[in-house]
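1. Everything below, folded, please.
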Amino acid sequence: MIRVMNYNDYIDAGFNVFGLNSTVNGACTCGNPNCLAILKHPVASNWQHTPEWSDEQLGNMEEAGHFKTGWGVLCNGYVVIDIDPRNDGSIESLPIEWTKAGFTVQTGGSGWHIYWKLPAGHNTALLSHLTEYKGIDFKVSGFVVGCGSLHASGLEYEALTGHPCDVTDAPQSLLDALEKTGT
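-> I've put the predicted structure just below:
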């Protein structure tokens, strides 16, 4: 059974979220008629500094339509493995046992987001790409589109396993593989 999620599920789990531009008559609400990131880019310009919102702020953003079709989820404090089959990414090629992740999402573009928590106090710089894993990004900064959001394909991001509250610690083998050397 697929559980329908919304941005509150992420907030309840301690993630910071922000609204994404939606569409009107198939055009992005950002105003760019040639937008290449439909349903995938923030309404706010300073999304990197997203705070913990008050209930009143969330209500105002909801009323303004900021969460109408989707929301972004900050990756700070997490490593989210973003697998994109359009770029030859494959879940089978991962360097770790992904099924041990507490929360996994099927993206609207038929890819995957696998969420892991960074250890408390972790401050070692990590790589976002490993050349041997084509089509896979290891996001420790930036954002991903949240589960329950709409994709330009018309499909929603759906939970495959777990819930944002179920995110588990990143395996040490993953952290070791991503650790930047010589920095």
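
2. and the residue nearest the centre of the chain, what does it touch?
-> In the chain, the residue lying closest to the centroid (Cα atoms, centre = their mean) is Val144, at 2.3 Å. Taking Cβ atoms under 8 Å, 6 or more residues apart in numbering, we find Val144 in contact with Gly72, Val73, Cys75, Val80, Asp82, His113. For glycine as for every other residue, the C-beta is placed from the backbone atoms N, C-alpha and C.

3. Among the residues you listed, which one is most surrounded by other residues?
-> Using other Cβ atoms under 10 Å as the neighbour test, those are led by Val73, with 28 neighbours.

4. wait, doesn't that one sit right on Gly19?
-> No. Using Cβ atoms under 8 Å, Val73 is not in contact with Gly19; the gap is 11.5 Å.

5. residue ranges for the strands of the protein, please.
-> 17-19, 23-24, 27-28, 71-74, 78-83, 103-106, 112-117, 136-139, 143-145, 158-161, 168-169 (DSSP state E).

6. where does this protein dip in pLDDT?
-> Applying pLDDT under 70 to the chain flags residues 1-3, 95, 182-183.

7. now do 80
-> 1-4, 93-99, 181-183 (pLDDT under 80).

8. residue contacts, Lys117?
-> Contacts of Lys117 by Cβ under 8 Å, 6+ apart are Gly77, Tyr78, Val167, Thr168, Asp169, Ala170.

9. again with Ala27
-> Contacts of Ala27 (Cβ under 8 Å, 6+ apart): Pro33, Cys35.

10. now it: how far from Glu132?
-> The gap separating Ala27 from Glu132 is 39 Å, by Cβ to Cβ, to the nearest Å.

11. returning to what we had before: would you mind listing which of the contacts of Lys117 are buried?
-> In terms of neighbour count (16 or more other Cβ atoms under 10 Å), the buried residues within the contacts of Lys117 are Tyr78, Val167, Ala170.

12. Perfect, I'm done here.
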